[in-house]
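>>> Next input, structure requested:
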Amino acid sequence: MAITVKNVLELPSLKEFRLAAGKKGLDHIVEKAGIVDYEFADGAVPSSADAFEQNSFVIGTLLFAKDRPEWILQALQTLRSYGVSALAVKTVFFRQLPPEVLRYADETGFPLFLFDHSYFEDVIAELREALKGDQTAQREHRLLDELIGKRHSSEEVRRLALELHAHLRQWNRAFFCVGDREYDDWEAARILNFFALNAERSQETAAFVYEDGFLFLVSDVEKAEERFRIGFENGIRTAGLAEKGETLTVGRGKVYGLEELDRGVREAITACRGALLLGKKDMDYAEMGFLRILMEADRSALRSCAEDFLSPLRGDGETGAMLWKTAEAYVRAKGDIGSTSEALFLHPNTVRYRLGKIREKLDKGEGEYLFFQNLSTAVWARRIIESERARRRNDR
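Presented below is the predicted three-dimensional model:
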(Lines give C-alpha, C1' and ligand atoms only; values in the text may rest on other atoms or scores of the structure.)
Protein backbone atom coordinates (compact mmCIF):
# COMPACT_ATOMS: atom_id res chain seq x y z
CA MET A 1 0.00 0.00 0.00
CA ALA A 2 1.09 3.58 -0.56
CA ILE A 3 -0.48 6.93 0.34
CA THR A 4 -0.10 9.64 -2.29
CA VAL A 5 -0.38 13.43 -2.27
CA LYS A 6 -3.75 13.09 -3.98
CA ASN A 7 -4.97 10.75 -1.24
CA VAL A 8 -4.11 13.00 1.71
CA LEU A 9 -6.17 15.85 0.23
CA GLU A 10 -9.24 13.86 1.29
CA LEU A 11 -8.41 14.34 4.98
CA PRO A 12 -10.79 16.82 6.68
CA SER A 13 -8.12 19.39 7.54
CA LEU A 14 -6.72 19.29 4.00
CA LYS A 15 -9.98 19.62 2.08
CA GLU A 16 -9.53 23.40 1.76
CA PHE A 17 -6.07 22.97 0.19
CA ARG A 18 -6.07 24.25 -3.39
CA LEU A 19 -3.48 23.27 -5.94
CA ALA A 20 -1.44 26.27 -7.10
CA ALA A 21 0.98 24.34 -9.35
CA GLY A 22 2.66 20.97 -9.86
CA LYS A 23 -0.34 18.84 -10.87
CA LYS A 24 1.92 16.19 -12.40
CA GLY A 25 3.23 15.27 -8.96
CA LEU A 26 -0.06 14.35 -7.27
CA ASP A 27 0.96 10.68 -7.35
CA HIS A 28 4.06 11.33 -5.23
CA ILE A 29 4.20 8.97 -2.26
CA VAL A 30 3.77 10.48 1.22
CA GLU A 31 5.43 8.75 4.18
CA LYS A 32 6.12 11.62 6.61
CA ALA A 33 4.70 15.02 7.61
CA GLY A 34 6.65 18.10 8.63
CA ILE A 35 6.79 21.88 8.98
CA VAL A 36 9.12 24.25 7.15
CA ASP A 37 9.95 27.23 9.36
CA TYR A 38 13.40 28.44 10.43
CA GLU A 39 15.46 26.23 8.08
CA PHE A 40 15.62 28.88 5.34
CA ALA A 41 15.91 31.94 7.61
CA ASP A 42 18.16 34.71 6.28
CA GLY A 43 18.33 32.95 2.91
CA ALA A 44 20.16 29.95 4.38
CA VAL A 45 20.12 26.55 2.71
CA PRO A 46 20.00 23.56 5.08
CA SER A 47 23.31 21.73 4.82
CA SER A 48 21.87 18.26 5.29
CA ALA A 49 18.90 16.36 3.90
CA ASP A 50 18.19 15.38 7.51
CA ALA A 51 16.33 18.68 7.84
CA PHE A 52 13.52 17.27 5.65
CA GLU A 53 12.81 13.56 5.31
CA GLN A 54 12.28 12.01 1.92
CA ASN A 55 8.62 11.60 0.85
CA SER A 56 7.46 14.22 3.37
CA PHE A 57 4.39 16.41 2.97
CA VAL A 58 5.61 19.77 4.30
CA ILE A 59 3.55 22.77 5.42
CA GLY A 60 4.59 26.32 6.36
CA THR A 61 3.91 30.06 6.10
CA LEU A 62 7.15 31.06 4.30
CA LEU A 63 7.82 33.52 7.12
CA PHE A 64 11.53 33.47 6.19
CA ALA A 65 10.67 35.04 2.79
CA LYS A 66 8.16 37.62 4.05
CA ASP A 67 10.38 40.50 2.91
CA ARG A 68 12.44 38.49 0.40
CA PRO A 69 10.06 36.54 -1.91
CA GLU A 70 12.97 35.73 -4.22
CA TRP A 71 14.14 33.23 -1.55
CA ILE A 72 11.08 31.03 -2.12
CA LEU A 73 12.33 29.50 -5.38
CA GLN A 74 15.63 28.44 -3.81
CA ALA A 75 13.76 26.90 -0.88
CA LEU A 76 11.49 24.99 -3.26
CA GLN A 77 14.46 23.69 -5.25
CA THR A 78 16.11 22.53 -2.02
CA LEU A 79 12.97 20.75 -0.80
CA ARG A 80 12.62 18.96 -4.11
CA SER A 81 16.30 17.94 -4.13
CA TYR A 82 15.79 16.35 -0.70
CA GLY A 83 12.90 14.25 -1.98
CA VAL A 84 10.06 16.17 -0.31
CA SER A 85 6.73 15.14 -1.91
CA ALA A 86 4.78 18.42 -1.69
CA LEU A 87 4.60 21.83 0.00
CA ALA A 88 1.46 23.54 1.33
CA VAL A 89 1.65 27.23 2.20
CA LYS A 90 -0.74 28.93 4.62
CA THR A 91 -1.68 32.33 3.22
CA VAL A 92 -0.49 34.40 6.19
CA PHE A 93 2.20 36.30 4.29
CA PHE A 94 1.58 35.26 0.69
CA ARG A 95 -1.87 35.19 -0.91
CA GLN A 96 -0.17 34.36 -4.20
CA LEU A 97 3.23 32.93 -5.03
CA PRO A 98 5.78 34.43 -7.45
CA PRO A 99 5.34 33.38 -11.11
CA GLU A 100 8.80 31.80 -11.28
CA VAL A 101 7.93 29.58 -8.31
CA LEU A 102 4.69 28.39 -9.93
CA ARG A 103 6.49 27.82 -13.21
CA TYR A 104 9.21 25.74 -11.51
CA ALA A 105 6.58 23.64 -9.67
CA ASP A 106 4.70 22.95 -12.92
CA GLU A 107 7.85 22.11 -14.88
CA THR A 108 9.20 19.71 -12.26
CA GLY A 109 5.88 18.23 -11.11
CA PHE A 110 6.31 19.43 -7.52
CA PRO A 111 2.84 19.88 -5.95
CA LEU A 112 2.39 23.31 -4.40
CA PHE A 113 -0.75 24.15 -2.40
CA LEU A 114 -2.25 27.21 -0.73
CA PHE A 115 -4.65 27.15 2.24
CA ASP A 116 -6.25 29.77 4.45
CA HIS A 117 -7.72 28.45 7.69
CA SER A 118 -6.60 24.96 8.77
CA TYR A 119 -4.44 24.83 11.90
CA PHE A 120 -0.96 23.36 11.53
CA GLU A 121 -1.55 21.09 14.53
CA ASP A 122 -4.69 19.57 12.98
CA VAL A 123 -3.06 19.05 9.58
CA ILE A 124 0.05 17.39 11.02
CA ALA A 125 -1.97 15.24 13.44
CA GLU A 126 -4.31 13.98 10.69
CA LEU A 127 -1.45 13.30 8.32
CA ARG A 128 0.52 11.37 10.92
CA GLU A 129 -2.52 9.34 11.96
CA ALA A 130 -3.25 8.41 8.33
CA LEU A 131 0.39 7.51 7.72
CA LYS A 132 0.48 5.43 10.89
CA GLY A 133 -2.54 3.48 9.66
CA ASP A 134 -0.84 2.93 6.30
CA GLN A 135 2.31 1.63 7.99
CA THR A 136 0.20 -0.73 10.10
CA ALA A 137 -1.54 -2.04 6.96
CA GLN A 138 1.82 -2.60 5.27
CA ARG A 139 3.09 -4.50 8.32
CA GLU A 140 -0.05 -6.66 8.39
CA HIS A 141 0.26 -7.38 4.67
CA ARG A 142 3.85 -8.55 5.17
CA LEU A 143 2.79 -10.78 8.07
CA LEU A 144 0.02 -12.34 5.98
CA ASP A 145 2.47 -12.93 3.14
CA GLU A 146 4.76 -14.66 5.62
CA LEU A 147 1.90 -16.65 7.19
CA ILE A 148 0.43 -18.10 4.00
CA GLY A 149 3.37 -17.86 1.60
CA LYS A 150 5.51 -20.48 3.34
CA ARG A 151 5.06 -23.71 5.26
CA HIS A 152 5.62 -23.31 9.01
CA SER A 153 5.58 -25.42 12.12
CA SER A 154 2.43 -25.17 14.23
CA GLU A 155 4.35 -23.14 16.83
CA GLU A 156 5.48 -20.66 14.18
CA VAL A 157 1.96 -20.34 12.76
CA ARG A 158 0.65 -19.57 16.23
CA ARG A 159 3.36 -16.94 16.77
CA LEU A 160 2.64 -15.23 13.44
CA ALA A 161 -1.12 -15.35 14.07
CA LEU A 162 -0.80 -13.60 17.42
CA GLU A 163 1.65 -11.09 15.98
CA LEU A 164 -0.95 -10.32 13.34
CA HIS A 165 -3.67 -9.85 15.95
CA ALA A 166 -2.92 -10.33 19.63
CA HIS A 167 -6.53 -11.08 20.66
CA LEU A 168 -7.22 -14.10 18.46
CA ARG A 169 -8.82 -16.94 20.39
CA GLN A 170 -8.43 -20.69 20.01
CA TRP A 171 -10.88 -21.27 17.12
CA ASN A 172 -10.86 -19.14 13.99
CA ARG A 173 -12.60 -18.94 10.63
CA ALA A 174 -11.27 -16.83 7.77
CA PHE A 175 -13.52 -14.96 5.33
CA PHE A 176 -12.06 -13.27 2.25
CA CYS A 177 -14.20 -10.90 0.23
CA VAL A 178 -13.86 -8.58 -2.75
CA GLY A 179 -16.29 -5.88 -3.85
CA ASP A 180 -17.93 -5.42 -7.22
CA ARG A 181 -15.60 -2.49 -7.87
CA GLU A 182 -11.92 -1.82 -7.29
CA TYR A 183 -10.74 -0.07 -4.13
CA ASP A 184 -7.51 1.84 -4.24
CA ASP A 185 -5.14 1.38 -1.29
CA TRP A 186 -6.21 4.64 0.32
CA GLU A 187 -9.93 3.86 0.23
CA ALA A 188 -9.34 0.36 1.56
CA ALA A 189 -7.23 1.75 4.40
CA ARG A 190 -9.95 4.27 5.29
CA ILE A 191 -12.51 1.46 5.47
CA LEU A 192 -10.28 -0.37 7.94
CA ASN A 193 -9.75 2.81 9.94
CA PHE A 194 -13.53 3.09 10.20
CA PHE A 195 -13.63 -0.54 11.32
CA ALA A 196 -10.99 0.14 14.00
CA LEU A 197 -12.92 3.15 15.32
CA ASN A 198 -16.05 1.04 15.73
CA ALA A 199 -14.42 -2.26 16.63
CA GLU A 200 -15.96 -2.36 20.10
CA ARG A 201 -19.13 -3.47 18.31
CA SER A 202 -17.30 -6.47 16.89
CA GLN A 203 -14.66 -7.60 19.36
CA GLU A 204 -14.60 -11.14 18.02
CA THR A 205 -13.58 -10.05 14.50
CA ALA A 206 -10.30 -8.72 13.08
CA ALA A 207 -10.12 -7.12 9.61
CA PHE A 208 -7.23 -6.63 7.19
CA VAL A 209 -6.60 -5.37 3.68
CA TYR A 210 -4.96 -8.09 1.61
CA GLU A 211 -4.27 -8.15 -2.13
CA ASP A 212 -7.47 -6.97 -3.84
CA GLY A 213 -9.87 -7.64 -0.99
CA PHE A 214 -10.60 -7.70 2.73
CA LEU A 215 -9.73 -10.54 5.07
CA PHE A 216 -11.90 -11.03 8.16
CA LEU A 217 -10.79 -13.39 10.93
CA VAL A 218 -13.61 -14.36 13.25
CA SER A 219 -12.37 -15.81 16.51
CA ASP A 220 -14.09 -17.64 19.35
CA VAL A 221 -13.39 -19.93 22.28
CA GLU A 222 -15.94 -22.41 20.91
CA LYS A 223 -16.20 -24.13 17.53
CA ALA A 224 -19.74 -22.93 16.78
CA GLU A 225 -20.54 -22.32 13.08
CA GLU A 226 -23.38 -19.88 13.71
CA ARG A 227 -21.20 -17.63 15.85
CA PHE A 228 -18.61 -17.39 13.09
CA ARG A 229 -21.28 -16.41 10.57
CA ILE A 230 -22.68 -13.73 12.88
CA GLY A 231 -19.17 -12.46 13.64
CA PHE A 232 -18.43 -12.01 9.94
CA GLU A 233 -21.72 -10.22 9.27
CA ASN A 234 -21.03 -7.91 12.22
CA GLY A 235 -17.55 -7.33 10.81
CA ILE A 236 -18.68 -6.14 7.38
CA ARG A 237 -21.28 -3.90 9.02
CA THR A 238 -18.66 -2.45 11.35
CA ALA A 239 -16.39 -1.74 8.37
CA GLY A 240 -19.26 0.06 6.68
CA LEU A 241 -19.27 -2.30 3.69
CA ALA A 242 -22.87 -3.39 4.19
CA GLU A 243 -24.09 0.22 4.27
CA LYS A 244 -22.23 1.12 1.06
CA GLY A 245 -24.52 -1.09 -1.00
CA GLU A 246 -21.55 -3.19 -2.03
CA THR A 247 -22.08 -6.56 -3.65
CA LEU A 248 -19.44 -8.71 -2.02
CA THR A 249 -18.06 -12.01 -3.27
CA VAL A 250 -17.14 -14.06 -0.21
CA GLY A 251 -14.91 -17.10 0.26
CA ARG A 252 -14.96 -19.07 3.50
CA GLY A 253 -12.24 -21.31 4.88
CA LYS A 254 -12.85 -24.09 7.36
CA VAL A 255 -12.60 -23.57 11.13
CA TYR A 256 -9.09 -24.09 12.50
CA GLY A 257 -7.19 -23.67 15.71
CA LEU A 258 -4.54 -20.96 15.94
CA GLU A 259 -1.84 -23.47 15.00
CA GLU A 260 -3.46 -23.97 11.57
CA LEU A 261 -4.69 -20.46 10.85
CA ASP A 262 -2.54 -20.34 7.70
CA ARG A 263 -4.65 -23.11 6.16
CA GLY A 264 -7.88 -21.28 6.87
CA VAL A 265 -6.64 -18.02 5.31
CA ARG A 266 -5.40 -19.79 2.17
CA GLU A 267 -8.70 -21.65 1.89
CA ALA A 268 -10.79 -18.47 2.20
CA ILE A 269 -8.80 -16.72 -0.54
CA THR A 270 -9.00 -19.78 -2.81
CA ALA A 271 -12.76 -20.07 -2.24
CA CYS A 272 -13.29 -16.39 -3.07
CA ARG A 273 -11.26 -16.72 -6.29
CA GLY A 274 -13.30 -19.80 -7.17
CA ALA A 275 -16.58 -17.99 -6.56
CA LEU A 276 -15.46 -15.19 -8.88
CA LEU A 277 -14.59 -17.69 -11.61
CA LEU A 278 -17.95 -19.42 -11.32
CA GLY A 279 -19.93 -16.17 -11.09
CA LYS A 280 -21.15 -17.01 -7.58
CA LYS A 281 -21.45 -14.59 -4.66
CA ASP A 282 -20.16 -16.90 -1.95
CA MET A 283 -18.43 -20.23 -1.64
CA ASP A 284 -17.15 -22.56 1.06
CA TYR A 285 -13.75 -24.07 0.45
CA ALA A 286 -15.14 -27.45 1.46
CA GLU A 287 -17.70 -27.28 -1.36
CA MET A 288 -15.33 -26.38 -4.21
CA GLY A 289 -14.86 -29.88 -5.55
CA PHE A 290 -12.35 -30.39 -8.39
CA LEU A 291 -11.93 -26.62 -8.88
CA ARG A 292 -9.89 -26.31 -5.69
CA ILE A 293 -7.47 -28.94 -7.01
CA LEU A 294 -6.91 -26.83 -10.12
CA MET A 295 -6.60 -23.59 -8.18
CA GLU A 296 -3.96 -25.06 -5.88
CA ALA A 297 -2.03 -26.84 -8.65
CA ASP A 298 1.45 -25.85 -9.77
CA ARG A 299 1.00 -22.92 -12.14
CA SER A 300 3.41 -24.15 -14.80
CA ALA A 301 1.59 -27.52 -14.90
CA LEU A 302 -1.76 -25.72 -15.07
CA ARG A 303 -0.59 -23.51 -17.95
CA SER A 304 0.80 -26.51 -19.78
CA CYS A 305 -2.48 -28.42 -19.33
CA ALA A 306 -4.51 -25.59 -20.86
CA GLU A 307 -2.11 -24.83 -23.70
CA ASP A 308 -1.53 -28.43 -24.73
CA PHE A 309 -5.21 -29.33 -24.91
CA LEU A 310 -6.54 -26.05 -26.38
CA SER A 311 -3.65 -25.21 -28.73
CA PRO A 312 -5.48 -26.48 -31.89
CA LEU A 313 -7.96 -23.59 -31.43
CA ARG A 314 -5.24 -20.94 -31.32
CA GLY A 315 -4.14 -21.15 -34.93
CA ASP A 316 -7.58 -20.43 -36.41
CA GLY A 317 -7.76 -16.67 -35.84
CA GLU A 318 -11.32 -15.43 -35.47
CA THR A 319 -12.74 -18.92 -35.88
CA GLY A 320 -10.57 -20.20 -33.04
CA ALA A 321 -11.65 -17.31 -30.80
CA MET A 322 -15.30 -18.05 -31.61
CA LEU A 323 -14.85 -21.74 -30.80
CA TRP A 324 -13.04 -20.88 -27.54
CA LYS A 325 -15.95 -18.65 -26.50
CA THR A 326 -18.36 -21.48 -27.26
CA ALA A 327 -16.25 -24.02 -25.37
CA GLU A 328 -16.07 -21.75 -22.33
CA ALA A 329 -19.83 -21.15 -22.31
CA TYR A 330 -20.49 -24.89 -22.75
CA VAL A 331 -18.30 -25.73 -19.77
CA ARG A 332 -19.90 -23.00 -17.65
CA ALA A 333 -23.30 -24.46 -18.59
CA LYS A 334 -22.10 -27.89 -17.40
CA GLY A 335 -22.56 -29.36 -20.85
CA ASP A 336 -26.16 -28.21 -21.33
CA ILE A 337 -26.86 -27.15 -24.95
CA GLY A 338 -29.91 -25.05 -24.05
CA SER A 339 -28.13 -23.03 -21.38
CA THR A 340 -25.13 -22.55 -23.68
CA SER A 341 -27.30 -21.22 -26.51
CA GLU A 342 -29.02 -18.80 -24.10
CA ALA A 343 -25.68 -17.54 -22.78
CA LEU A 344 -24.37 -16.94 -26.32
CA PHE A 345 -27.70 -15.76 -27.84
CA LEU A 346 -27.42 -18.49 -30.47
CA HIS A 347 -29.75 -21.13 -31.84
CA PRO A 348 -29.10 -24.54 -30.24
CA ASN A 349 -28.25 -25.99 -33.65
CA THR A 350 -25.53 -23.36 -34.09
CA VAL A 351 -24.10 -24.38 -30.73
CA ARG A 352 -24.18 -28.05 -31.78
CA TYR A 353 -22.39 -27.19 -35.01
CA ARG A 354 -19.66 -25.30 -33.18
CA LEU A 355 -19.26 -28.08 -30.61
CA GLY A 356 -18.85 -30.52 -33.48
CA LYS A 357 -16.00 -28.35 -34.83
CA ILE A 358 -14.44 -28.20 -31.35
CA ARG A 359 -14.53 -31.98 -31.06
CA GLU A 360 -12.98 -32.37 -34.50
CA LYS A 361 -10.02 -30.31 -33.33
CA LEU A 362 -9.67 -31.45 -29.72
CA ASP A 363 -11.21 -34.91 -29.28
CA LYS A 364 -8.61 -37.67 -28.99
CA GLY A 365 -11.22 -40.41 -29.27
CA GLU A 366 -11.76 -40.93 -25.53
CA GLY A 367 -15.55 -40.78 -25.74
CA GLU A 368 -18.01 -38.04 -24.86
CA TYR A 369 -17.67 -38.27 -21.07
CA LEU A 370 -13.86 -38.07 -21.01
CA PHE A 371 -13.86 -35.40 -23.70
CA PHE A 372 -16.09 -33.13 -21.60
CA GLN A 373 -13.98 -33.84 -18.53
CA ASN A 374 -10.76 -32.91 -20.36
CA LEU A 375 -12.37 -29.85 -21.95
CA SER A 376 -13.65 -28.66 -18.57
CA THR A 377 -10.25 -29.10 -16.95
CA ALA A 378 -8.48 -27.18 -19.73
CA VAL A 379 -11.06 -24.38 -19.80
CA TRP A 380 -10.93 -23.83 -16.05
CA ALA A 381 -7.14 -24.03 -16.06
CA ARG A 382 -7.01 -21.30 -18.71
CA ARG A 383 -9.55 -19.16 -16.85
CA ILE A 384 -7.53 -19.42 -13.62
CA ILE A 385 -4.32 -18.37 -15.40
CA GLU A 386 -6.08 -15.47 -17.16
CA SER A 387 -7.72 -14.20 -13.96
CA GLU A 388 -4.37 -14.21 -12.14
CA ARG A 389 -2.72 -12.39 -15.04
CA ALA A 390 -5.47 -9.73 -14.94
CA ARG A 391 -5.06 -9.32 -11.18
CA ARG A 392 -1.29 -8.78 -11.55
CA ARG A 393 -1.95 -6.11 -14.19
CA ASN A 394 -4.34 -4.33 -11.83
CA ASP A 395 -1.78 -4.49 -9.02
CA ARG A 396 0.67 -2.60 -11.20
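>>> Let's test this: name the helix or strand in the protein with the lowest mean pLDDT.
helix 185-197 (a mean of 72; mean pLDDT, DSSP states H and E).
>>> so what does the following helix or strand past it touch, helix or strand wise?
Once the chain leaves helix 185-197, the next helix or strand it forms, by DSSP states H and E, is strand 205-210. Here strand 205-210 touches helix 120-149, helix 185-197, strand 213-220, helix 225-238, going by 3 or more Cβ pairs under 8 Å, 6 or more residues apart in numbering; DSSP states H and E. Placement of C-beta: from N, CA and C, glycine included.
>>> how long is stretch 190-205 end to end?
End-to-end distance for stretch 190-205, by Cα to Cα, to the nearest Å: 17 Å.
>>> I misspoke; the intended subject was stretch 221-230.
End-to-end distance (Cα to Cα), stretch 221-230: 15 Å.
>>> and if you look at stretch 289-304?
21 Å.
>>> I would like the residues contacting it, please.
Surrounding stretch 289-304, the residues in contact under the criterion Cβ atoms under 8 Å, 6 or more residues apart in numbering are 270-271, 273-274, 277-278, 285, 288, 377, 380-381, 384-385, 388.
>>> With stretch 220-230 instead?
169, 170, 171, 172, 173, 204, 218, 231, 255.
>>> got the buried residues for it?
For stretch 220-230, burial by neighbour count (16 or more other Cβ atoms under 10 Å) applies to 220, 227, 228.
>>> swap in stretch 71-79?
Buried-residue list, stretch 71-79, by 16+ other Cβ under 10 Å: 71, 72, 73, 75, 76, 78, 79.
>>> and the helix or strand that contains the last one, what other elements does it pack with?
Remark: residue 79 resides in helix 71-81, with elements defined by DSSP H and E. Taking 3+ Cβ pairs under 8 Å, 6+ apart as the contact definition, the neighbouring helices and strands of helix 71-81 are helix 99-108.
>>> Return the distance of the helix or strand following the helix it packs on from the chain's centre.
Once the chain leaves helix 99-108, the next helix or strand it forms, by DSSP H and E, is strand 112-115. Its chain's C-alpha centre and that of strand 112-115 lie 30 Å apart, by Cα atoms, centre = their mean, to the nearest Å.
>>> Of the helices and strands packed on strand 205-210, flag the one that's most buried.
Compared across the helices and strands packed on strand 205-210, strand 213-220 shows the largest average neighbour count, a mean of 24 (mean count of other Cβ atoms under 10 Å).
>>> quick one: strands adjacent to that strand?
Pairing partners of strand 213-220, with direction, according to DSSP bridges: strand 171-178 (antiparallel), strand 205-210 (antiparallel).
>>> Which of these comes out lowest on mean pLDDT?
Of all the strands paired with strand 213-220, strand 205-210 carries the lowest average pLDDT, namely a mean of 90.
>>> So for it, what gets flagged as buried?
Those buried within strand 205-210 under the rule 16+ other Cβ under 10 Å are 205, 206, 207, 208, 209, 210.
>>> any chance of those in CSV, plus distance to residue 92?
Below are the buried residues of strand 205-210 laid out as CSV (distance: Cβ to Cβ, whole Å):
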residue, distance to residue 92
205, 46
206, 45
207, 42
208, 42
209, 39
210, 44
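>>> ok, so of the residues you listed, who is nearest residue 329?
Among the buried residues of strand 205-210, residue 210 lies closest to residue 329 (Cβ to Cβ), at 32.0 Å.
>>> Can you name the residues that contact the residue nearest to that closest one when sequence neighbours are not counted?
In this structure, residue 210 finds its nearest non-sequential neighbour in residue 144, 5.3 Å apart by Cβ to Cβ, 6 or more residues apart in numbering. Contacts here follow Cβ under 8 Å, 6+ apart; on that basis residue 144 touches 164, 208, 210, 215, 265.
>>> for residue 108, same thing?
Going by Cβ under 8 Å, 6+ apart, residue 108 touches 22, 25, 80.
>>> Need the nearest residue in space to residue 285, chain neighbours excluded.
Nearest non-adjacent residue to residue 285, counting by Cβ to Cβ, 6+ apart: residue 267, 3.8 Å away.
>>> And that neighbour, how far from residue 79?
In this structure, residue 267 and residue 79 are 49 Å apart, going by Cβ to Cβ, to the nearest Å.
>>> Repeat that for residue 273.
Per Cβ to Cβ, residue 273 is found 44 Å from residue 79.
>>> before we move on, the earlier item: mind checking the helices and strands packed on strand 205-210 for the one nearest to residue 331?
It's strand 213-220; of the helices and strands packed on strand 205-210, that one is closest to residue 331 (Cβ to Cβ) at 25.6 Å.
>>> doesn't residue 38 make contact with residue 46?
No: Residue 46 lies out of contact with residue 38 (Cβ atoms under 8 Å); the separation is 9.9 Å.
>>> More neighbours: which of the two?
Using other Cβ atoms under 10 Å, the more surrounded residue of residue 46 and residue 38 is residue 46, with 16 against 13.
>>> That one in helix, strand or coil?
Here residue 46 is recorded as coil under DSSP: H, G, I helix; E, B strand; the rest coil.
>>> Closest to residue 96 out of the buried residues of strand 205-210?
residue 209 (40.5 Å).
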